[in-house]
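J.: I'll drop the sequence and a predicted model, then ask my questions.
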Amino acid sequence: MKNKNPLPPLPSVARDSMADQVYRHLRDGVMAGRFAPGQRLTIRGLAEALGSSPMPVREALRRLQAEGAFEFSDTARLSVVHLSTAQLRDVRDARVALEGLLAERAAVRMTGVDDSEIAQLYDRLQAAADAVDVPAYLSANFAFHRRIYEIAKAPIILGAVENFWVLIGPCFVLVAPDAAHLRRSMDAHRRILDALTHRDGPAARAAVTDDIMQAANCLSRVIDKPEKKRSAATPKGRRGSASG
């Protein structure tokens, strides 16, 4: 007898949810600076770290490769993408425009509950900076900025910002150990917190812009050195002409 109420085709919930979880964990890790530019990785190693099988990791990596976070060499070796100085400038300019807008919008939407939550995240940041605890600092910095931008209630803009964080996140590992950089960054974070507390949108935008610009300036100095060395080591007749 034919079934009168056949079930519609249904996806495998367990497999799909695992792949999505792996993707989100890896993506958040990239944005939060848990990976370094040029770092070599293996699918098996990532699967073991995430408590997953290789299949969801491979699927997540394909998505993240399309987003520019990872790359595979000609020999199929997996590594974290390393931005050039030109790419860094493009990301910096986009972040200044978009994150400044989100901070300004967040300032006028803040509530007392938001004040308390952002203040707690700032305290986590300060404690990590005082201890020069780089992993804790990068994690707290990611949480601090993301929560502020969520308050702006502009998911399309936040989605675009996260696309740029996927590119820039690993670079923060290069400058976070610098105690002087941490002090400058915490000064900007303090001004962000004060602007939000006083519901001052333009001041919040200005402080976020300063934070982004300071980090970009530090990063450009770090990234530019190996690029100059590679350029000097390349015979003049074999240098590319892409900049022309």
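T.: Cool, the structure landed. Residues are numbered from 1 along each chain as shown.

J.: okay, Ser73: pLDDT?
T.: Predicted confidence (pLDDT) at Ser73: the value is 85.

J.: for it, phi and psi?
T.: Comment: the main-chain dihedrals of Ser73 come out as phi -80, psi 180, following degrees, to the nearest 10.

J.: what about it, neighbour count?
T.: The tally of other residues near Ser73 (other Cβ atoms under 10 Å) stands at 9. For glycine as for every other residue, the C-beta is placed from the backbone atoms N, C-alpha and C.

J.: Thought Gln65 was touching it, still the case?
T.: No. Here Ser73 does not reach Gln65: they are 11.9 Å apart, not a contact under Cβ atoms under 8 Å.

J.: after the helix or strand where Ile118 lies, next one along is what?
T.: Using DSSP states H and E, Ile118 falls within helix 112-130. Later in the chain than helix 112-130, the nearest helix or strand by DSSP H and E is helix 134-151.

J.: Report the beta-bridge partners for the nearest residue in space to Arg77 that is not next to it in sequence.
T.: The shortest distance from Arg77 to any non-neighbouring residue, by Cβ to Cβ, 6 or more residues apart in numbering, is to Arg40 (6.5 Å). Legend: beta-bridge partners of Arg40 under DSSP bridges are Ser79.

J.: if I look at Arg40, how far off is His25?
T.: Arg40 sits at a distance of 19 Å from His25 (criterion: Cβ to Cβ, to the nearest Å).

J.: next one: Leu64
T.: Taken as Cβ to Cβ, the spacing of Leu64 relative to His25 amounts to 11 Å.

J.: if we can go back for a sec, was I right about the residue nearest to Arg77 contacting Thr75?
T.: No. Under the criterion of Cβ under 8 Å, Arg40 makes no contact with Thr75, lying 11.5 Å away.

J.: The two: who's more crowded?
T.: Per other Cβ under 10 Å, whichever of Arg40 and Thr75 has more neighbours is Arg40, with 11 against 5.

J.: Can you name the residues that contact the more buried one?
T.: If a contact means Cβ atoms under 8 Å, 6 or more residues apart in numbering, then Arg40 has 77-79 as its contacts.

J.: Out of those, give me the one that has the most neighbours.
T.: When neighbours are counted by other Cβ under 10 Å, Leu78 leads the contacts of Arg40 with 18 neighbours.
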